[in-house]
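[1] need the 3D shape of this:
(chains A and B)
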Amino acid sequence: MINITIEDRNGTRQDIVIPEGINLSLMEVLKASEYNILATCGGMGICATCHVQVLEAPGSLPPVNDTELDMLDTLPEAGPDSRLSCQIRVNENIAGAVFRIKGESNE
Amino acid sequence: MITTDICIIGAGPVGLFAVFEAGLLKMRCHLIDALPQVGGQLSEIYPQKPIYDIPGFPAINAQDLVNNLLDQINPFHPTFTLGERVEKLERQEDGSYLITSNENTQIHCQVVVIAAGLGSFEPRKPAVERLEDFEGKGVAYMVKNPELFRDKRIVLAGGGDSALDWTLFLSEIASKVTLVHRGETFRGAPDSAEKVFSLAEQGRINLILNANVTALNGNGHLKEISISRKDKTVSNLDVDYFIPLFGLTPKLGPIADWNLAVDKSAIEVNTQDFSTNVERIYAIGDINTYPGKLKLILCGFHEAALMAQSAFKYVFPEQKLSFKYTTVNGIHAL
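    Here you go, the predicted model:
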């Protein structure tokens, strides 16, 4: 099992346990866990509405590719620790990581 | 005033296909969309991406699908109001509706179909103190009429193609252009980025990197902005206009105020005909929700077909509808 921690917009933290071997992105896990995020483009990395901030990353997250950097550049509030959750595959490399949800709410 | 049978709010693929289904039943359609072009998310977000789940097309480029839909609805001569957002929806005594846009365009219709996807795409706003106080009074999120900026002092913010393109364009007509970007490189088109750096070297624009606009000041109209740099220094700049360009993000907008049953920004509908809880208003495509809803274009197409069969009774209350296949009846232009 892969354990990660999610900090919601209001600062509430919740641990999430994800089975190993599933072929999901962090965005899909967040949506499945009923976090309120838009994820407009459904995971193509072209809307930037699933923005997260990486607060802790004991493992090695996948590198940021050009498309993701392009999108993050359009976000006024993005920082060096910003990622698009749809571009992060859930595997053992993200175990122990803490992500803060920054993307826009769907309400 | 524009008069039509059905006003479709949203000119994405599902809104466009609704014109076809309505046209088969001889109902005229007018489409209104906040974006300046038709196609919705397909044209705005991923025009060059292939789509694989459109029946009959093993793969089709998103913009090609939009173009095909335009060809398909051409016989029904739909009319369009683009680049305007619906602001007001007023029910008339006879049950029809009067729709008013933010530019005061008025559309009178018998039936309203909301096919607005995730809502209208609106500018993504940076967290800047008093930003909304100065909207229309020095803060603009797009350049609609460049002449407004002639001989003015402009500050743009952003690092994408829009920020680069408008910096280059406005450098020709404004008295002073400043571009503020929070990074030190641009990820927009390399050619545009090169031109921006070149103009900055020549002193023709003011380029401030590793910085953000953090506050606005003025009395009735924007007069001054504060720029915070990464090294924590803050400086003030006299300006006439501030144009933050950080892309678009979908918002439900005024639809939320129309007494429709809404769950998490989606409109609840009856799956029999995709009608809402308000008579003569339908919601199809990604904007609606019901048990088992799948946000797929093809599901929206299905919803459009059922909507049209149901809307017929409001447009032609005296007529009885009999369903016919297009192979039997053909396509009769309006």
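[2] so where is chain A shaky, pLDDT-wise?
    A:106-107 (pLDDT under 70).
[3] residues contacting B:Tyr77?
    In this structure residue B:77 is His, not Tyr. B:28, B:333-334 (C-beta atoms under 8 Å, 6 or more residues apart in numbering or on different chains). Every C-beta, even on glycine, is put in place using the N, C-alpha and C of the backbone.
[4] nearest to chain A, of the residues you listed?
    Closest approach to chain A among the contacts of B:His77 (C-beta to the nearest C-beta): B:Arg28, at 31.3 Å.
[5] what about the closest residue to chain B within chain A, which helix or strand?
    Using C-beta to the nearest C-beta, A:Pro76 is the residue of chain A that sits closest to chain B, at 3.4 Å. Under DSSP states H and E, no helix or strand contains A:Pro76.
[6] count of neighbours near the nearest residue to it once chain neighbours are set aside?
    Among residues not flanking A:Pro76 along the chain, B:Pro126 sits closest, at 3.4 Å (C-beta to C-beta, 6 or more residues apart in numbering or on different chains). Counted by other C-beta atoms under 10 Å in any protein chain shown, the residues lying close to B:Pro126 total 19.
[7] let me know the secondary structure of B:Pro126.
    Three-state assignment for B:Pro126 (DSSP: H, G, I helix; E, B strand; the rest coil): coil.
[8] out of the contacts of B:His77, the closest to B:Ile287 would be?
    B:Ile287 has its nearest neighbour among those in B:Arg28, at 22.1 Å by C-beta to C-beta.
[9] I figured the closest one was touching B:Cys7, is that so?
    No - using C-beta atoms under 8 Å, B:Arg28 is not in contact with B:Cys7; the gap is 10.0 Å.
[10] the nearest residue to B:Pro55 once chain neighbours are set aside: how many residues sit nearby?
    Leaving aside its chain neighbours, B:Pro55 sits nearest to B:Leu298 (6.4 Å; criterion: C-beta to C-beta, 6+ apart). The local packing of B:Leu298 (other C-beta under 10 Å) involves 15 other residues.
[11] up against chain A, what does the stretch 201-334 of chain B have?
    B:212, B:244, B:246-247, B:249-250, B:264-265, B:295 (C-beta under 8 Å from any C-beta of the partner chain).
[12] for stretch A:81-99, how far is the first residue from the last?
    Terminal residues of stretch A:81-99 are spaced 10 Å apart (C-alpha to C-alpha, to the nearest Å).
[13] list the buried residues for it?
    A:82-88, A:90-91, A:93-95, A:97-99 (16 or more other C-beta atoms under 10 Å in any protein chain shown).
[14] stretch B:142-160 too?
    Neighbour counts using 16+ other C-beta under 10 Å place B:143, B:149, B:152-160 of stretch B:142-160 among the buried residues.
[15] distance to B:Ile99, secondary structure and pLDDT added to those residues, as JSON lines?
    Shown next, in JSON lines, are the buried residues of stretch B:142-160 (distance: C-beta to C-beta, whole Å; DSSP: H, G, I helix; E, B strand; the rest coil; pLDDT from 0 to 100):
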{"residue": "B:Val143", "distance to B:Ile99": "27", "secondary structure": "coil", "pLDDT": "85"}
{"residue": "B:Phe149", "distance to B:Ile99": "31", "secondary structure": "helix", "pLDDT": "95"}
{"residue": "B:Lys152", "distance to B:Ile99": "34", "secondary structure": "coil", "pLDDT": "97"}
{"residue": "B:Arg153", "distance to B:Ile99": "38", "secondary structure": "strand", "pLDDT": "97"}
{"residue": "B:Ile154", "distance to B:Ile99": "34", "secondary structure": "strand", "pLDDT": "97"}
{"residue": "B:Val155", "distance to B:Ile99": "36", "secondary structure": "strand", "pLDDT": "97"}
{"residue": "B:Leu156", "distance to B:Ile99": "34", "secondary structure": "strand", "pLDDT": "97"}
{"residue": "B:Ala157", "distance to B:Ile99": "34", "secondary structure": "strand", "pLDDT": "95"}
{"residue": "B:Gly158", "distance to B:Ile99": "33", "secondary structure": "coil", "pLDDT": "91"}
{"residue": "B:Gly159", "distance to B:Ile99": "37", "secondary structure": "coil", "pLDDT": "87"}
{"residue": "B:Gly160", "distance to B:Ile99": "33", "secondary structure": "coil", "pLDDT": "85"}
